[in-house]
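Q: curious how this folds, go ahead:
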Amino acid sequence: MGISPVYGVRGCQGETDRTLIVLDETKNISLEASARFNQICNLQLRIAEAQPIATSDILELLAYTIERTQTRIPAWERSIEEVKLDWNLP
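A: Below is the predicted model:
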């Protein structure tokens, strides 16, 4: 469906272009965070399966993945805060 020339509304759901942009941004944040969480969970499962001794390679990969995820968290939080401020959300 196209955009209504009168209201700038897309489809029959009532989303404006501005709303769709924000929903897309928050969806991307969610997908990226979920992917990182899944990577960490999968590594933890591999470590559990390797017991009693996990290889140093897998432990280093886990540490790297955690570190990489931790560096992204502030950006995700800033993006979420921007959306909350723009839309006057608590």
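Q: what element comes up after the lowest-mean-pLDDT helix or strand in the chain heading to the C-terminus?
A: Across the helices and strands of the chain, the lowest-confidence element by mean pLDDT, DSSP states H and E is strand 9-10, at a mean of 50. The first helix or strand that comes after strand 9-10 along the chain, using DSSP states H and E, is strand 15-16.
Q: average pLDDT across that next one?
A: Here strand 15-16 scores 80 as its mean pLDDT.
Q: cool, stretch 46-59 as well?
A: Mean predicted confidence for stretch 46-59 is 92.
Q: for stretch 22-34, same thing?
A: 95.
Q: buried sites along that stretch?
A: Buried residues in stretch 22-34, defined by neighbour count with 16 or more other CB atoms under 10 Å: 22, 29. Every C-beta, even on glycine, is put in place using the N, C-alpha and C of the backbone.
Q: what do you get for stretch 73-89?
A: In stretch 73-89, counting by 16+ other CB under 10 Å, buried: residue 76.
Q: not counting its own residues, what contacts that stretch?
A: Residues from elsewhere that reach stretch 73-89 (CB atoms under 8 Å, 6 or more residues apart in numbering): 22, 25, 26, 29, 32, 33, 90.
Q: in TSV: those, plus secondary structure and distance to residue 78.
A: Compiled in TSV, these are given as follows (DSSP: H, G, I helix; E, B strand; the rest coil; distance: CB to CB, whole Å):
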residue	secondary structure	distance to residue 78
22	helix	14
25	helix	12
26	helix	13
29	helix	10
32	helix	14
33	helix	13
90	coil	17
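Q: using CSV, please lay out the residues you listed together with distance to residue 43.
A: Supplementary listing: these in CSV, determined by distance: CB to CB, whole Å:
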residue, distance to residue 43
22, 32
25, 28
26, 26
29, 22
32, 17
33, 16
90, 35
